[in-house]
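Chemist: Below is the structure, and that's it, no one-letter string:
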């Protein structure tokens, strides 16, 4: 099994497939989405986890069939999102989301969860500058990371300077010699998606604000989730 909550690769694909189906429902309108939302919330109230909810829906589906179904759904979802008016908003579990952020969030979740399978298989992954979508969500959720934990935002966001897979420099926020994060963009994306503990990366993190953020960074919505302990994700 993977290092993510001991999920199997089947669990990972089932989880992604489940929420891609929910995303397709959101594209069909509020009424269709509300059906999925009610079902999901009812399952949570019964004490089921995300893993169990997806497993219940796809319980009789063999791995190879599930993988093909997911690939079909995510291709349809990608095409549908690409053909939508970029100004529309889509219903979701919290506030409605703009199309661009909705699409970016699906990209981020897919990218992060699939990494766990690469880690398990110890297979080299090809990264491209498309991960800027993930980095951007990480940057935008700086304040939310603290507010979600009911912690006061400690100050201005750190200066972030990252080297992209292509070698391009990406920069966010005002340059600051005492409050910054510098390093590999892939590792930054790992940290904000909680695929790695920051201590298992070569990121240079300076300043109390930057250190605090990187120690609890969470770029995905939902309840508070703690990052993996050092040495527990992607370390074999």
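Modeler: Thanks, I have the structure now. None of these values were measured; they are calculated from a predicted model. Numbers count the residues shown, from 1 in each chain.

Chemist: From residue 184, how far off is residue 167?
Modeler: 11 Å (Cβ to Cβ, to the nearest Å). Quick note: C-beta positions are derived from backbone N, CA and C, even for glycine.

Chemist: Compare these two (neighbour count), which wins?
Modeler: residue 184 (16 against 7; other Cβ atoms under 10 Å).

Chemist: Can you verify my assumption that that one contacts residue 191?
Modeler: No - contact between residue 184 and residue 191 fails when scored by Cβ atoms under 8 Å: they sit 10.4 Å apart.

Chemist: Overlap in contacts, these two.
Modeler: Residues touching both residue 184 and residue 191 (Cβ atoms under 8 Å, 6 or more residues apart in numbering) are 201, 203.

Chemist: What segments of this structure are helices?
Modeler: For the chain, applying DSSP state H gives helices covering 9-27, 30-45, 50-57, 63-82, 99-121, 132-140, 142-147, 185-192, 208-216.

Chemist: which of those is buried the deepest?
Modeler: With neighbours taken as mean count of other Cβ atoms under 10 Å, the helices of the chain reach their highest mean count in helix 185-192, at a mean of 25.

Chemist: which residues does residue 198 contact?
Modeler: Counting by Cβ under 8 Å, 6+ apart, residue 198 has contacts 191, 205, 214, 215, 217, 227.

Chemist: Can you tell me the closest non-neighbouring residue to the first one?
Modeler: Taking Cβ to Cβ, 6 or more residues apart in numbering, and ignoring the residues beside it in sequence, residue 191 has residue 198 as its nearest neighbour in space, at 4.9 Å.

Chemist: again, but for the third one
Modeler: Once its chain neighbours are removed from consideration, residue 214 has its nearest residue in residue 198; the separation is 4.3 Å (Cβ to Cβ, 6+ apart).

Chemist: could you measure residue 25 against residue 100, distance?
Modeler: Using Cβ to Cβ, residue 25 is found at 19 Å from residue 100.

Chemist: ugh, wrong one, I meant residue 34
Modeler: Residue 34 is 23 Å from residue 100, by Cβ to Cβ.

Chemist: Next one: the residue nearest to residue 207 when sequence neighbours are not counted from residue 187, what distance?
Modeler: Of all residues not flanking residue 207 in the chain, residue 179 sits nearest, at 3.5 Å (Cβ to Cβ, 6+ apart). Residue 179 is 19 Å from residue 187, where distance means Cβ to Cβ.

Chemist: Same question for residue 232.
Modeler: 16 Å.

Chemist: If I look at the closest residue to residue 231 other than its chain neighbours, what pLDDT would I see?
Modeler: Distances taken as Cβ to Cβ, 6+ apart put residue 200 closest to residue 231, at 6.5 Å, once the chain neighbours are dropped. Listed pLDDT for residue 200 reads 95.

Chemist: ok, now residue 93?
Modeler: Predicted confidence (pLDDT) for residue 93: 86.

Chemist: Setting aside sequence neighbours, what's the nearest residue to it?
Modeler: Nearest one to residue 93, counting by Cβ to Cβ, 6+ apart, is residue 37 at 6.5 Å.

Chemist: In this structure that neighbour contacts residue 94, no?
Modeler: No - assessed by Cβ under 8 Å, residue 37 is found out of contact with residue 94, at 10.8 Å.

Chemist: Point out where this protein drops to low pLDDT.
Modeler: 235-236 (pLDDT under 70).

Chemist: hmm, try it at 50
Modeler: Of all residues in the chain, none has pLDDT under 50.

Chemist: Can you pull up the most central residue in it?
Modeler: Per Cα atoms, centre = their mean, the C-alpha nearest to the average position across the chain is that of residue 109, at 3.3 Å.

Chemist: tell me the contacts of that one?
Modeler: Residue 109 neighbours (Cβ under 8 Å, 6+ apart): 16, 19, 220.
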